[in-house]
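Asker: After the sequence you'll find the predicted model.
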Amino acid sequence: MIFSAAREQPSAMSDFDTFECSSCGESFKAYPDANAAQTEACSPACETA
């Protein structure tokens, strides 16, 4: 019996929402439930600023 690994399809960009970084003001795309969306930080540097 041969099993093949399930392949996940990449998400379309439409699955992402646009957010504005609360630190630098740059806009960025992220999943709505992602950590970046929750903290509204576009990068680790902005998250710790």
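Answerer: Yep, that arrived.

Asker: So Phe16 is in contact with Tyr31, correct?
Answerer: Yes - the pair Phe16 / Tyr31 is scored as a contact, 6.1 Å apart, by C-beta atoms under 8 Å. (C-beta placed from N, C-alpha, C; glycine too.)

Asker: the more surrounded of the two?
Answerer: Phe16 (15 against 12; other C-beta atoms under 10 Å).

Asker: Not counting sequence-adjacent ones, nearest residue to the more buried one?
Answerer: Leaving aside its chain neighbours, Phe16 sits nearest to Lys29 (4.1 Å; criterion: C-beta to C-beta, 6 or more residues apart in numbering).

Asker: Specify the beta-bridge partners of that neighbour.
Answerer: Lys29 forms beta bridges with Thr18, as assigned by DSSP bridges.

Asker: How about the contacts made by it?
Answerer: For Lys29, the contact set (C-beta atoms under 8 Å, 6 or more residues apart in numbering) comprises 13, 16-19.

Asker: Among the residues you listed, name the buried ones.
Answerer: Burial by neighbour count, judged by 16 or more other C-beta atoms under 10 Å, picks out Phe19 from these.

Asker: Run the chain-centre distance for the host helix or strand of Gln38.
Answerer: Element membership of Gln38 [criterion: DSSP states H and E] is helix 35-39. Distance of helix 35-39 from the chain centroid (C-alpha atoms, centre = their mean, to the nearest Å) equals 8 Å.
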